[in-house]
Structure formats: structure tokens, C-alpha cells
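> Generate a structure from the sequence data that follows.
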Amino acid sequence: MTAQAALLSTFSLTGQSGCDTVAGVDLHESRPLNPWFETPLGRRCLAAEQGLVRRALETVFGEQLLQIGGWGPADSFLRFARTQRRSLIDWRDGVDADLITDPGRLAVASDSVDAVLLPHTLELTDSPHALLREVDRVLRADGHLVTLSFKPGGLWGLRHALSPGGYPAGQRRMIGERRLRDWLELLHYEVGRRQRYCHGLPVERLRRFGRLPDDSTIGNWLPFLSAGFLLKARKCVHPLTPIRPAWPKPRLKAVGGLVEPSTRTSESRLRQ
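Residues are numbered from 1 along each chain as shown. Predicted coordinates:
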């Protein structure tokens, strides 16, 4: 089965069969890479994200992993997938993706994906809530969701607020960890532990004094120096705290106003 045929088995496309264009867009024509990824800070940040995603996907298996939204080169994260197939979809023209589709109405069949990766996608789309609803629709029960996000607080968030067009350039918003956790828990997702990364000053020209080792201890003690965080969540088919059914209790018949203890009955049976 070719990669195109594998995609068609998951993507619910209509009127598309073996073509190289979707919505008039040439899938083989990629747009130029964001210049920020060519800077020392951009390369370091992407490398830290790749390391976290690689570890997050080590225990994710199944048939299909879907990355929604390009971030860096097309194979920056998909190469770490351990699923049988992996695909990249986007909504922006000229992205080197397998499919161009509306993030609020994904052309993907329901309950057909084992894992979804969102590398800063919630920060770039017009409606992050609509995207999360679509992710929940296409993700199978017990499927995994991995997100990468920049921190709105700290020095990185300050530079984003003060930079025209956001920072890095093109970022529409920054979504905090608590806010994202609330969204996922409302959808009955079990959210794992957060991992911060890329500690240091958000300045490209500082090389030695502007960066700190990517150590989890530094992120815990100095969170305002962290660029972003990774969250890994699992889709739960039932609420996290199940309610036990109220089974009717058996009525015991009393003789002479007393109820014979059940332990005596067990002891008498053992003597026989």
C-alpha cells in the first residue's frame, strides 16, 4: 500500500483519488521555512522539542499518528513515530503536508487515529477550541495527545507581548498550562506531567550567557526562564472518577430479634 492509499483509508476525502493536489494546492510545493528556525535559538528550541517528543512517543503504538500543523521541517517529529503510519496535515497553503484541510472541520474519519501531535498548533489556529473538539472526534478511545506550547508567563511571554507579530514571528497567542489542562479535563482526558524545555533568555545573539542546560530541575526552580512545555494526555472513554452503582442490599431475616453473624455459618461449614 502506497502512502497515498494509506492516507485515503483514514482521511474521509470526497472526490479525491490518487491526486497530488487538495483544494487546488500542490502538496509537493512547500513554502519557505520560518527564518526563526535558522537562528541559533530557533535551532536549539526545535532540538529540545524533538527530544521531548521522541521520548513521549516511545510508548505510543497503533496504526496511525496524525500531526496537525507543520513546525520546522516536515519530518521534525514524524520520524519518531512508532505507529504503522504517520501523516502531517495543515491548513496553510504551500505547507509540505499530506493534506490541506480546515482545522475546525478535519477531513479525517471519526475514531480513526491512535495519536495526535499538536506542535504549537493551538497557538496558530483561529479557534483552538474547535480544533480540540475535532481532535477528540478523530482520536480513538485511549488514544494519546501530545502538545507543544510556549509559556505566556516569564521572559518568553514578555517578548511575545512586546514584539509586533508575536514571538516567534507568526505566533497568534500563547496558552498557559493551567488553561490547557482545564480544556483537556473538560473533554475527559487524563493529563500527565508537564515537561518544560529550552531554558534561557529569548535573545538570539546571546550564546553562552543567554542559555541554560535543558534540565528539568532548572525548569522547576526557574520556570520564568523556560520557553515552553510539553503535555501528554490520554483520551478516557469514561470519567476519571467512576461512580459506583448503588446495588440493592440483601435483607437479612432476624430470629428472636437477632441476626446470625455470617462468620458462624462459615465456621460451621468448615467443621463439616
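
> I'd guessed residue 60 sits against residue 80; true?
No - counting by CB atoms under 8 Å, residue 60 stays clear of residue 80, with 9.4 Å between them. Every C-beta, even on glycine, is put in place using the N, C-alpha and C of the backbone.

> Let me see the contact set for residue 167.
Contact analysis of residue 167 by CB atoms under 8 Å, 6 or more residues apart in numbering lists 156, 159-160, 202.

> One more pass at 6 Å, please.
With contact set as CB atoms under 6 Å, 6 or more residues apart in numbering, residue 167 has these partners: 159-160.

> Can you tell me how far it is from residue 76?
With distances taken as CB to CB, to the nearest Å, residue 167 is found 20 Å from residue 76.

> Could you do residue 143 as well?
In terms of CB to CB, residue 143 sits 21 Å off from residue 76.

> now swap in residue 44 and tell me
14 Å.

> can you list the weak-confidence ranges in the stretch 51-200 of the chain?
By pLDDT under 70, the weakly predicted segments of the stretch 51-200 of the chain are 166, 169-170.

> Helices of that one, residue ranges please.
Here the stretch 51-200 of the chain has its helices, by DSSP state H, counting those that start in this stretch, at 121-124, 128-138, 154-162, 177-186.

> Nearest to residue 224, out of those helices?
helix 154-162 (3.5 Å; CB to CB).

> From the rest of the structure, what touches stretch 135-147?
Taking CB under 6 Å, 6+ apart as the rule, stretch 135-147 contacts 56, 60, 108, 110-118, 187, 231-235, 237.

> Kindly recompute the last result at 7 Å.
53, 56, 60, 106, 108, 110-118, 122, 180, 187, 189, 230-235, 237 (CB atoms under 7 Å, 6 or more residues apart in numbering).

> what about burial for these, which qualify?
53, 56, 60, 106, 108, 112-118, 122, 180, 189, 230-235 (16 or more other CB atoms under 10 Å).

> neighbour count winner among residue 143 and residue 76?
Neighbours around residue 143 and residue 76, counted as other CB atoms under 10 Å, are more numerous at residue 143. The numbers are 24 against 19.

> any idea how far the more buried one is from residue 65?
10 Å.

> Quick check: neighbours shared by those two?
In contact with both residue 143 and residue 65: 114-115, using CB under 7 Å, 6+ apart.

> mind listing what residue 124 touches?
Residues in contact with residue 124 (CB under 7 Å, 6+ apart) are 69, 171-172.

> Can you lay out those as CSV showing distance to residue 149 and neighbour count?
Below are the contacts of residue 124 laid out as CSV (distance: CB to CB, whole Å; neighbours: other CB atoms under 10 Å):
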residue, distance to residue 149, neighbour count
69, 12, 23
171, 10, 16
172, 12, 13
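
> Inside strands: which ones of those?
Using DSSP state E to define strands, no part of these is located there.

> Closest one of those to residue 37?
Nearest to residue 37, judged by CB to CB, of these is residue 171 at 13.3 Å.

> Distance check, the closest one against residue 191.
Counting by CB to CB, the gap from residue 171 to residue 191 is 23 Å.

> ok, back up a step: reformat the helices of the stretch 51-200 of the chain as CSV; add distance to residue 37.
Listed next are those as CSV, based on distance: least, CB to CB, whole Å:
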stretch, distance to residue 37
helix 121-124, 15
helix 128-138, 23
helix 154-162, 16
helix 177-186, 24
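
> Of those, which stretch is the most buried?
Greatest average neighbour count among the helices of the stretch 51-200 of the chain goes to helix 121-124 (a mean of 24), per mean count of other CB atoms under 10 Å.
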